[in-house]
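J.: Generate coordinates for the sequence data below:
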Amino acid sequence: MKRILTEADIEPAVRGGSVYAAGGGGWADHGRMLGRAAVGVGKPELVSIDELSPDDFVATAAAIGAPASTTNWEMRGIDYVKAVQLLNEALGTPVAGLMVGQNGKSSTLNGWLPAAVLGCKVIDAVGDIRAHPTGDMGSIGMAGSPEQMIQTAVGGNRDEGRYIELVTRGATAKVSPILRTASDMSGGFIASARNPLRASYVARHAALGGISMALDLGHAILAAEPKGPGAVLDIIQQKTGGVLIAEGVITRKAVTYTKEAFDIGTVTVGTGDRAITLHVMNEYMAIDDAGGNRIASFPDVITTLSPEAEPLSVGQLQEGMRIHILHVPKTLIPLGAGVLDPAVYPPCEKAMGIELAKYALEGKDA
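T.: Here you go, the predicted structure:
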């Protein structure tokens, strides 16, 4: 499978990525900027992992930060390119391909521009089909590994003197928090390139076909739009296999930005015995009913949509808004090794005060 990504793929990538963004995954306009820059400067090529030689290196192009925050961030397209250049220099050889850690409003397109500029491939693989809060969750099984990895970060608000270039080496779980600290110091959002791994490892541990899934969904959404919001909601359910499990008014939003560059809190929809609570850590990580029973839990896809069928990020939600909630069970999506790694859950559980691993790892060995 080979495919040159063109102008016609940008909006579908953003639209499909917005559903899998699960309330996070960057910003739509940032994704459009990355896509236009990529197809304007070169011909980014989307390929399956088996187009590479097993020993070729593949790195993850990512953005780190809190998409719901109101921080004064600045990240330019060139920052994504520079991050890969720094990784190539530290590695001593150019990577052959770039995958992304997750789908999202902009993160689906994170690899396009550096691939177009530097001449490597966009790999049709993601660490996680949906967006997630920590880099470890998209690290395809490296979070618990002592193996030394290279991670870079580039970006920051230039006017405020916050621009940072950073190259780190160390075990993934040890250096990932350093990049998140750099994100906060830079203004809340920073480009990164990390964890160069052999293509043979990626083939066994990534969620393969993840970019194509977002593109296919996005093209279907655009085709359905002339028929109205109902048709769009129907096609989203049809293409993802998910179900709209609730519709209601947001009665409370309590989400706070932290110095670790996370947005953490809850969003309540409805009242009384019919109320449900969405637990947020950048993205929607779980849904509980009024009795505290778990309805949905990461790595399920959990997405909020407006009555007009627009996927909404956590930052767009306001009390008094009416929303739909989409749930796609984890059994219906490819799962990367990162979301099946017990090591990635304790930091999130501690930060949010809820259980995640119990649900995420249920049936893992089945």
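
J.: now the helices for this protein?
T.: Assigned by DSSP state H, the chain shows helices spanning 7-20, 28-41, 77-91, 112-118, 172-186, 199-205, 210-224, 229-240, 346-352, 357-360.

J.: Residue 96 - how many residues pack around it?
T.: 21 (other C-beta atoms under 10 Å). Just so you know, the C-beta spots here come from the backbone N, C-alpha and C atoms, and that holds for glycine as well.

J.: scratch that, residue 168 is what I was asking about
T.: For residue 168, using other C-beta under 10 Å, the count is 18.

J.: Which residues are in contact with it?
T.: 150, 151, 152, 175, 178, 179 (C-beta atoms under 8 Å, 6 or more residues apart in numbering).

J.: Try it again at 10 Å.
T.: 90, 149-153, 174-176, 178-179, 182, 192, 194 (C-beta atoms under 10 Å, 6 or more residues apart in numbering).

J.: Kindly report the same for residue 271.
T.: 248, 249, 251, 252, 290.

J.: Near the closest residue to residue 177 other than its chain neighbours, how many other residues are there?
T.: Nearest in space to residue 177, with sequence neighbours left out and distances taken as C-beta to C-beta, 6 or more residues apart in numbering, is residue 260 at 7.6 Å. When neighbours are counted by other C-beta under 10 Å, residue 260 registers 16.

J.: Touching, residue 260 and residue 347? I think so.
T.: Yes: assessed by C-beta atoms under 10 Å, residue 260 is found in contact with residue 347 at 9.3 Å.

J.: Determine the residues that are contacts of both of those two.
T.: Joint contacts of residue 260 and residue 347 (C-beta under 10 Å, 6+ apart) are 133, 134, 177.

J.: Now a ChimeraX select for only the buried ones of the residues you listed.
T.: Per 16 or more other C-beta atoms under 10 Å, the buried members of the shared contacts of residue 260 and residue 347 correspond to this ChimeraX selection:
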select :133,134
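
J.: re earlier: what's the closest of the contacts of residue 271 to residue 139?
T.: Nearest to residue 139, judged by C-beta to C-beta, of the contacts of residue 271 is residue 252 at 33.6 Å.

J.: Distance of the closest one relative to residue 42?
T.: According to C-beta to C-beta, to the nearest Å, residue 252 and residue 42 sit 47 Å apart.

J.: and the residue nearest to residue 15 when sequence neighbours are not counted, what is it in contact with?
T.: For residue 15, ignoring the flanking residues on the chain, the nearest one in space by C-beta to C-beta, 6+ apart is residue 218 at 3.9 Å. Neighbouring residues of residue 218 by C-beta under 10 Å, 6+ apart: 9-20, 108, 239.

J.: okay, residue 218: pLDDT?
T.: In the prediction, the pLDDT value recorded for residue 218 is 98.

J.: Could you do residue 322 as well?
T.: 98.

J.: which residues sit in contact with the nearest residue to residue 245 once chain neighbours are set aside?
T.: Leaving aside its sequence neighbours, residue 245 sits nearest to residue 327 (C-beta to C-beta, 6+ apart; 4.7 Å). By C-beta under 10 Å, 6+ apart, the contact set of residue 327 is 237, 240, 242-246, 284, 287, 295-297, 300-303.

J.: bridging residues for residue 327?
T.: residue 243, residue 302 (DSSP bridges).

J.: Adjust the sequence numbering to begin at 18 for everything that follows.
T.: Sure, I'll start numbering at 18, so the last one becomes residue 344.

J.: Beta-bridge partners for the closest residue to residue 99 other than its chain neighbours, please?
T.: Nearest residue to residue 99, sequence neighbours excluded (C-beta to C-beta, 6+ apart): residue 171, at 4.5 Å. Counting by DSSP bridges, residue 171 is bridged to residue 182, residue 208.

J.: I figured residue 171 was touching residue 183, is that so?
T.: Yes: using C-beta under 10 Å, residue 171 is in contact with residue 183, at 7.5 Å.

J.: Neighbour count for those two, which is higher?
T.: Ranked by neighbour count (other C-beta under 10 Å), residue 171 and residue 183 place residue 171 first, with 26 against 21.

J.: before we move on, back to that, can the contacts of residue 235 go into a markdown table with extra columns for neighbour count?
T.: Shown next, in a markdown table, are these (neighbours: other C-beta atoms under 10 Å):
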| residue | neighbour count |
| --- | --- |
| 26 | 23 |
| 27 | 21 |
| 28 | 17 |
| 29 | 21 |
| 30 | 28 |
| 31 | 27 |
| 32 | 26 |
| 33 | 29 |
| 34 | 33 |
| 35 | 30 |
| 36 | 28 |
| 37 | 29 |
| 125 | 33 |
| 256 | 19 |
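
J.: Taking those together, which two end up most distant?
T.: Among the contacts of residue 235, 27 and 256 lie farthest apart (C-beta to C-beta), at 18.7 Å.

J.: so where's this protein shaky on pLDDT?
T.: 83-88, 381-383 (pLDDT under 70).
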